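With the sequence up front, the predicted model follows.
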Amino acid sequence: ALLSVGGISALEHLQIDDPCGAFSVHGIGGLWGVLAVGLFAQSEPCTGVDKRGLFHGGGWDLLGAQTTGALSIIAWSAGTCILVFYPMDFLSRRVRWLRWMQIRPSKATEALGFDQAEHNIHRGRQAIAVNVEDESGTLGAKKHWAAAKTAVKTALALTE
């Protein structure tokens, strides 16, 4: 729990938008779970497994194996994301009927942040209602960029 909360704080400090804390909970928590086995594992006489973690006299072997496993998971996840999301992004920008799978938000949504634009969450800032929708009901990047930029400046000024 402490790692998840710390991860959320670190992502906010780095200005990385993770509205529901998914990376902090699943990414950081999962990584800690894998590495903790290499640190704290004890032998299990019932199962016949005699592997011990670093803190229980097992040496670096199990921690090395767990670290290798964690790096493999990270590499697999990153590779899978690249193979799936780059083609999605490429096609959604070039094929009109595939725009529903667009990955990047408009500039206006990006300026406001997903917390406010998509989830109506105002993290410590006074809520500012800004209508930046065009006729099709989507945020218009060029048309409403100035309105979104003004809203962000106003929200930041109110918090100071």
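Noted; the coordinates are in hand. Here the structure is a predicted model, which is why all the values come from computation and not from measurement.

Show me what counts as buried in whichever helix or strand L31 is part of.
Secondary structure assignment for L31, by DSSP states H and E: helix 29-40. Across helix 29-40, burial judged by 16 or more other CB atoms under 10 Å covers 31, 35, 38. C-beta here means a position set from N, CA and C on the backbone, and glycine is covered the same way.

from these, which is closest to R104?
L31 (26.6 Å; CB to CB).

And L54, how far from A70?
Note on L54: its distance to A70, by CB to CB, to the nearest Å, is 15 Å.

Same question for Q42.
Taking CB to CB, one finds Q42 at 20 Å from A70.

higher neighbour count, these two?
Comparing Q42 with A70 by other CB atoms under 10 Å, the one with more neighbours is A70, at 17 against 14.

The more buried one against L35, yeah?
Yes - using CB atoms under 8 Å, A70 is in contact with L35, at 6.2 Å.

From the contact counts, what lies against the top helix by length along the chain?
If you go by DSSP state H, the chain has its longest helix at helix 61-94. Helices and strands touching helix 61-94, by 3 or more CB pairs under 8 Å, 6 or more residues apart in numbering; DSSP states H and E, are helix 29-40.

Am I right that C46 sits in a helix?
No - with DSSP: H, G, I helix; E, B strand; the rest coil as the criterion, C46 is coil rather than part of a helix.
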